[in-house]
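Peer 1: test case, fold it:
(3 chains)
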Amino acid sequence: MSDLIGYLITGLGIGAGFALVASGLVAIYRVTRVVNFAQGGFAVLAALLTSTLLAAGLPHGVAELGGVALGALAGLIVGVVAIGRPGTSPGTSLIVTLGLGVLAYAVEVLIWGDQPRSFPGLTGVAEVAGARLPAHYLLILAVTAPVFALMAWFFARTDLGRALTACASNRYAAQVVGIDVRRMGLLAFTIGGALGGLAGVLTTPVQQVTFDSDVTLIVNGFAAAVLGGLTRPMIALAGGLLLGVTQTLVAGYGGGAYQMEVALVLMLTVMIVQAARTGPVPETAR
Amino acid sequence: MSGPVPPARGRGGTVNRWAIAVVAVLTLALPPLLPERHLATFVLLLLAATVTVGVSLLMGYAGQVSLGQASFYAIGAYAAALPAVHGVPSLLGLALAPVAAAVAAVLLGAPLLRLRGHHLAFATLAVQLILLSLLAQADWAGGAIGLQGIPRLTVLGVELRDLGYAYAAWLVLAAALLIARNIVDSRPGRALRAAATSETAAAASGVAIGRHRLAVFTLSAAMAGLAGGVYAFYLGYLSPGSFPVLLSIEFVVMAVVGGLGTIAGPVVGATVIILLVQVLNTLGTQPGMPDYAPSVLSYAVYAVLLIVCVLYLPRGLVPALRRTGRRPS
Amino acid sequence: MTGAVQIDNLTVRYAGATALDDVTLAVAENEMTALIGANGAGKSTLVKALCGLIRPDSGTITVHGRLAHVPEGREMFPDMTVDDNLRLGAWRRRRRDTAPIYDLLPDLAAIRSRRAGTLSGGQQQMVAIGRALMADPEVLVIDELSLGLAPMIVTSLVGHLRNLHATRNLSVLLIEQNARLALDLCRHAYVLESGRIVLHGPAATLARDPRVTAAYLGGHVTVTP
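Peer 2: All right, here's what the predicted structure looks like:
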């Protein structure tokens, strides 16, 4: 029983990371209709920078904020290249973000090398209902929950958030009322970058990061996001948590080698069922 | 991708035919003149070009992005190597390679090709990750450590040496190009091109798009599988690590750089990229360079070429060169 | 007196086809001006060029003051409330208080928390007008006010529009397929055919012009539009 509770909380912590990556994907897709393949790279860049800043003696909190800021900056840069040129179709932008993801490899290996890195997070062991687990998992949850609440408030209750939602809801009408949809797209990329960065900064103390960790992150993030058709952040949150818990349970009860398959098979099933229900998924290009 | 890709037809058929003949003769005469190090590049280039022919068909004519083409390369390689390791004649193993890849493509394609755009891209990526993970756990296939001691390819009792592989790869690429050309000019080929441009229009004209699309998917897998078979015998060693996700992305880069929907595009794309990576690799391994230099340089080349081509040369190098070549006349 | 909107020699081409050919048009200050024409005459292109959504190939457009646009098809943000739709209309302004709009269009107050996608066509048209007014415009461009709406609803909308025009300094360009409605409501009118202005003048004069009555007011002579 205490095993199960331990796995559940660990799984929620891991899943929170996926959910943050997924919500970044959703934030960008809703506004721009671009699936950002470089989303996992934001997490890696943020984690690597945080490890350097901590090693340089910066206190916790400041170093992590630095990492998230780099994620946001990387998001903005990806946005400028991917959607900055007028008339770039979402399909073309997807390939551009793929290229930028590979470019991030070059930058990361150049600066940080190709060996796994990590940094200490919240140290110590916590005891929850008889289960003992690293306290850092609780910190992940304690940060992720308010971040999602803040996002829900931002998108529904602030004028800037409403303008972003408006671009997602009806792009043409957004232009009619004078919203600069390209600039909103860049803002969405920046938010997506920060969310990806936060995922990397939060999960690295319990999971090492290497330059190519982004593949795992983007695949899990996409799997979580695709549950809600890439447009619903709260379903992406639920999907991410579900994936994290399932994978931890599978690993905990002896299927460690098949953790990744859980996300992959779920993602394939969801997409195929969605396609069967709605007919062929329309082309992204438009 | 941005906009439909117009068919690139050979104008002045005789000129084209002469050019092809010259290129064929040159590439056939080249291998004996190459030092061993460069011969390896030559073989790998031809194999990459073969896979890229399939990727280009898929992207240019069926309008679909596959981020998992290296899976079929891997399936072909393992399908050829596994029987050979257990004493089955190597040529039979090589024949199995495209068949195994094609069968896998039919089984996977039936559900997956309902997906489009980024959904299909992620689905093919997922398939490759699953395959790699399964291979790493399959002890009968060498597991994560890999499959060693693959015998060399034996044709009519003669064991192929390096030069032999160069010609085997040449034949494989030539076959892929011939098939691709015939597909492009066939009725299904034209129908697919129409479908890539406008699915509704093609559906309205009653074209069996689903079947054609599966056919191209299968054919492109078979090309990758055959190339993978040659690769297995040439290297004599396989592991899941030989087929990273990045390899699939590299094939996409080669297809995009060369130009989708052209016959020469995949060959030009693969050549430009592999030679460039080779040059940078030589540069990166110079004394005094840090040991990560080669990988940094090759990542940068793939990334920058892909981004620049997609944004500024959306039809790739071959049509772009053709346009500039035509301007003076 | 300078016009609120002055369009001179406007030409717009799409992929070689000419959508607008040398169009010159003026909307006088504090007046309602109609632009009538059949489907495909180029009305929507003119609106998009006027609102800066497409770039003309040649010609000049001068607008004095702020311009707001009630687009064809209403173009709601369907998942958002009426109140949020209205607030977004003031995106370019600092003041985003929706109360004055509920005073002007009291019908909207009752549905302020409903999602715009669930409203009837007439209600949506009212929201679209309210949203445009949130920009506090000097010029209002209304694209197809009556399209797809029942006559009673249209009558009520027209009443609101007359009131608005009477109480605020508002120049209006009304783009309408329903020529009778447009000529009734407006003082000046232009007739657009195949991308060219073929007739213009006081609405009352145009309403008696045999070419207009025949083509647009259901006269006895049928002319293919």
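Peer 1: residues contacting the closest residue to chain C within the stretch 51-200 of chain A?
Peer 2: Residue nearest to chain C within the stretch 51-200 of chain A: residue A:173 (3.9 Å; Cβ to the nearest Cβ). Bear in mind the C-beta positions are built from the backbone N, C-alpha and C, glycine included. Taking Cβ atoms under 8 Å, 6 or more residues apart in numbering or on different chains, we find residue A:173 in contact with A:166, C:71, C:75-77.
Peer 1: drop anything exposed from these.
Peer 2: A:166, C:71, C:75-77 (16 or more other Cβ atoms under 10 Å in any protein chain shown).
Peer 1: pick out the most distant pair among those.
Peer 2: A:166 and C:71 (13.7 Å; Cβ to Cβ).
Peer 1: distance of the residue lying closest to residue B:189 once chain neighbours are set aside from residue B:19?
Peer 2: Ranked by Cβ to Cβ, 6 or more residues apart in numbering or on different chains and with sequence neighbours excluded, the top spatial neighbour of residue B:189 is residue B:183, at 4.8 Å. As judged by Cβ to Cβ, to the nearest Å, residue B:183 and residue B:19 stand 21 Å apart.
Peer 1: touching, residue C:126 and residue C:157? I think so.
Peer 2: Yes. Residue C:126 lies in contact with residue C:157 (Cβ atoms under 8 Å); the separation is 7.0 Å.
Peer 1: looking at the two, which is more packed in?
Peer 2: Per other Cβ atoms under 10 Å in any protein chain shown, whichever of residue C:126 and residue C:157 has more neighbours is residue C:126, with 23 against 20.
Peer 1: any stretches of chain C with poor pLDDT?
Peer 2: C:1-2, C:218-225 (pLDDT under 70).
Peer 1: tell me where it has helices.
Peer 2: Secondary structure of chain C, counting by DSSP state H: helices at C:43-50, C:82-89, C:99-104, C:121-133, C:151-167, C:179-185, C:203-208, C:210-216.
Peer 1: hang on, the earlier thing: contacts for the helix or strand harbouring the residue nearest to residue B:189?
Peer 2: Assessed by DSSP states H and E, residue B:183 sits inside helix B:162-185. Here helix B:162-185 makes contact (Cβ under 8 Å, 6+ apart) with B:7, B:24, B:27-28, B:31-32, B:34, B:36, B:39-40, B:42-43, B:46-47, B:49-50, B:53-54, B:56-57, B:61, B:153, B:155, B:158, B:160, B:189, B:216, B:219, B:223, B:226-227, B:230, B:233-234, B:263, B:267.
Peer 1: restricted to strands, list these.
Peer 2: Here DSSP state E is the test, and those give B:155, B:158 as lying in strands.
Peer 1: tell me the centre residue of chain C?
Peer 2: residue C:142 (1.6 Å; Cα atoms, centre = their mean).
Peer 1: isn't it right up against residue C:172?
Peer 2: Yes. Residue C:142 lies in contact with residue C:172 (Cβ under 8 Å); the separation is 6.5 Å.
Peer 1: between the two, which contacts overlap?
Peer 2: Contacts common to residue C:142 and residue C:172, judged by Cβ under 8 Å, 6+ apart, are residue C:161.
Peer 1: you'd agree residue A:266 is up against residue A:247?
Peer 2: No. If you go by Cβ under 8 Å, residue A:266 and residue A:247 don't touch, sitting 10.0 Å apart.
Peer 1: those two: which is more packed in?
Peer 2: Neighbour count, other Cβ under 10 Å: between residue A:266 and residue A:247, residue A:247 has more, with 25 against 20.
Peer 1: any figure for the gap between that one and residue B:222?
Peer 2: Residue A:247 is 35 Å from residue B:222, by Cβ to Cβ.
Peer 1: what parts of chain C come near chain B?
Peer 2: By the rule Cβ under 8 Å from any Cβ of the partner chain, no part of chain C lies against chain B.
Peer 1: find the closest residue to chain A in chain C.
Peer 2: Counting by Cβ to the nearest Cβ, chain C gets nearest chain A through residue C:75, at 3.9 Å.
Peer 1: shouldn't that residue be in contact with residue A:169?
Peer 2: No. In this structure, residue C:75 is not within contact of residue A:169 by Cβ under 8 Å, at 10.3 Å.
Peer 1: and the closest residue to chain B within chain C, how many neighbours?
Peer 2: When scored by Cβ to the nearest Cβ, chain C has residue C:15 as its residue closest to chain B, at 12.5 Å. When neighbours are counted by other Cβ under 10 Å, residue C:15 registers 5.
Peer 1: residue ranges with poor pLDDT in the chain?
Peer 2: No chain in the question, so chain A it is. Applying pLDDT under 70 to chain A flags residues A:1, A:279-286.
Peer 1: think we crossed wires, I meant chain B
Peer 2: B:1-15, B:192, B:194-208, B:320-329.
Peer 1: and the residue nearest the centre of it?
Peer 2: Centre-nearest of chain B using Cα atoms, centre = their mean is residue B:51, 1.4 Å out.
Peer 1: quick check on residue B:34: phi, psi?
Peer 2: phi -90, psi 140 (degrees, to the nearest 10).
Peer 1: all helices for the chain, in order.
Peer 2: All of this is about chain A. Counting by DSSP H, the helices of chain A are A:2-32, A:39-55, A:62-83, A:90-112, A:136-157, A:159-169, A:171-176, A:181-203, A:214-226, A:233-250, A:259-278.
Peer 1: wait, chain B
Peer 2: Going by DSSP H, chain B shows helices at B:13-29, B:36-56, B:69-85, B:90-112, B:117-137, B:162-185, B:187-197, B:199-204, B:209-235, B:245-258, B:265-284, B:293-312, B:317-326.
Peer 1: show me chain C divided up by domain.
Peer 2: Using automatic domain parsing, the domain parsing of chain C gives C:1-65+C:138-225, C:77-137.
Peer 1: out of those, which comes closest to residue A:26?
Peer 2: domain C:77-137 (14.7 Å).
Peer 1: what's the span of the closest one, first residue to last?
Peer 2: Start and end residues of domain C:77-137 are separated by 20 Å (Cα to Cα, to the nearest Å).
Peer 1: swap in stretch C:84-104?
Peer 2: End-to-end span of stretch C:84-104 (Cα to Cα): 17 Å.
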